[in-house]
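Novice: Build the 3D model from these lines:
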Amino acid sequence: MKRSMNAAALQEAPVIGSERIEQRADEIRRKAERIAALIVATDYPLVDIAIERSNLRDEAEQLLPDRMEIYDRIYESRFDRLIEQWRNEEDDYD
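Specialist: Numbering: from 1, shown residues only. Below is the predicted model:
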């Protein structure tokens with residue numbers, strides 16, 4: 001379902017070559033999955049996760065600048081939710 005939701009969101013924006021958009025979206029999706037795994041399944045420090053998030057957001061902005069609102073709705077909110085659910089404030093001080 002996640003894949004179809006992302007695909008549907010991408011269809012809202014102007015088409016610049018659907019294959020190229022899908023390739024770029026897949027690259028962002030893979031990197032976002034890695035960050036989600038770092039949040040949930042590792043003790044990777046939150047400060048380093050914040051850096052990873054920032055780097056991914058910068059990359060997404062370069063690859064798909066007209067779709068950043070979609071990126072924020074899908075990925076940034078997901079990262080925030082995962083941190084809230086899987087990490088606690090004590091993690092910041094480890």
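
Novice: okay, and for the protein, where does confidence drop off?
Specialist: Applying pLDDT under 70 to the chain picks out residues 1-16, 89-94.

Novice: Tell me which other helices or strands the lengthiest helix in the chain touches.
Specialist: With secondary structure taken from DSSP state H, the chain has its longest helix at helix 18-41. If you count contacts as 3 or more Cβ pairs under 8 Å, 6 or more residues apart in numbering; DSSP states H and E, helix 18-41 packs onto helix 2-11, helix 46-63, helix 77-86. (C-beta placed from N, C-alpha, C; glycine too.)

Novice: would TSV of the ones you listed with mean neighbour count and distance to R20 be doable?
Specialist: Shown next, in TSV, are those (neighbours: other Cβ atoms under 10 Å; distance: least, Cβ to Cβ, whole Å):
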stretch	mean neighbour count	distance to R20
helix 2-11	12	11
helix 46-63	14	10
helix 77-86	14	24
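
Novice: follow-up on the earlier one: so what's the gap between the longest helix of the chain and the chain middle?
Specialist: How far helix 18-41 lies from its chain's middle: 6 Å, per Cα atoms, centre = their mean, to the nearest Å.

Novice: what's the angle from that helix to helix 77-86?
Specialist: 10 degrees (axes from the mean of the first three to the mean of the last three Cα atoms, to 10 degrees).
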